[in-house]
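Undergrad: just to be clear, the model below is a prediction. Sequence and coordinates:
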Amino acid sequence: MTTRRNRRIWIPPAMLLTAALGAALLQAAPAREAPSRPHMAQAPAPATAASAPKAEAAALPAAPAPEALAGGARKAVPPAKTALVDFPIRAELAIPRWLRPGEFAWNDEGVPATGETVVVVNLRGRVLSVYKAGYEIGRSSIVWGADEKPTPIGTFKILEKDANHHSRTYYNAPMPHMQRLTADGVALHGSEMADDIATHGCVGLPREFAALLFRATRVGDRVVIMKG
């Protein structure tokens, strides 16, 4: 289950005074005919095919699909980076930029079928990587625990897997492709993704990536969660 992270906004006193004077002037002004276009603060009326202005529609490009990132070729990892974990990292996915919420990449072609599968979660970097025999096969954006329910740090083993799990603690909330890490319910699972979303300690993943990860791991595989 996820929740929204709290954000506080400071408003300068001068802006509050300006807003109060504007409200007083609006009450004293005589009624006028409604403007032909809605005010920017109002939700626009649903457009129809006949009424929607073509120029305005063209100015709103569709957001790219989160799963559109290609894994690309792998690149060798410098020795300094392998010191962060206790297993050899041979190569990582060549992803040139930061992953936005909901984005992920997956490429397991050419990776040895045998070898240890290890999941590494970097909370500060807001990213999860999964390695097979030292080769990174998947990378994903994540959401993690709120301040009052932080995601635990350490090395864990996957204790249980359930593709259609629902939370027994948080109002039967769906936790698709759940992989439990602790006795009190911290898990990897599919989740809604956004900058201001937090979990109750779990590591939330894009649902498509959670399904790929679920198929790539087994009970007993290691999950390393670090601050970053």
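TA: Structure's in. What do you need?
Undergrad: now for the residue nearest to K75 when sequence neighbours are not counted, how many residues are close by?
TA: With sequence-adjacent residues excluded and distances taken as CB to CB, 6 or more residues apart in numbering, K75 is closest to A94, at 4.9 Å. C-beta here means a position set from N, CA and C on the backbone, and glycine is covered the same way. Residue crowding around A94 was assessed by other CB atoms under 10 Å; the count is 14.
Undergrad: A94 reaches R74, doesn't it?
TA: Yes - counting by CB atoms under 8 Å, A94 touches R74, with 6.3 Å between them.
Undergrad: L93: how many residues sit nearby?
TA: Using other CB under 10 Å, L93 has 20 neighbouring residues.
Undergrad: quick check: it vs K161, distance?
TA: Distance from L93 to K161, counting by CB to CB, to the nearest Å: 24 Å.
Undergrad: show me the helices in the protein, by range?
TA: All helices of the chain, identified by DSSP state H, fall at 13-28, 54-58, 79-82, 207-216.
Undergrad: rank these by pLDDT, which is bottom?
TA: Lowest mean pLDDT of those: helix 54-58, a mean of 36.
Undergrad: V120: neighbouring residues, count only.
TA: V120: 21 surrounding residues under other CB under 10 Å.
Undergrad: shaky segments in this structure?
TA: Low-confidence segments of the chain (pLDDT under 70): 1-73, 78-83, 170-172.
Undergrad: so where do the strands sit in it?
TA: With strands called from DSSP state E, the chain shows them at 2-4, 74-76, 91-93, 104-106, 117-122, 127-132, 135-141, 154-157, 160-166, 174-180, 187-190, 197-199, 203-205, 222-226.
Undergrad: tell me which of the ones you listed sits nearest to D147.
TA: When the strands of the chain are ranked by proximity to D147, the top entry is strand 197-199, at 8.0 Å, counting by CB to CB.
Undergrad: list the helices and strands the closest one packs on?
TA: strand 2-4 (3 or more CB pairs under 8 Å, 6 or more residues apart in numbering; DSSP states H and E).
Undergrad: for the nearest residue to H200 once chain neighbours are set aside, which residues are in contact?
TA: Nearest non-adjacent residue to H200, counting by CB to CB, 6+ apart: K149, 4.6 Å away. By CB atoms under 8 Å, 6 or more residues apart in numbering, K149 lies in contact with 198-201.
Undergrad: ok, K149 to G220 distance?
TA: Separation of K149 from G220 (CB to CB): 26 Å.
Undergrad: F156 too?
TA: 11 Å.
Undergrad: who's more crowded, those two?
TA: Each of F156 and G220 has its neighbours counted (other CB under 10 Å); F156 has more, 21 against 9.
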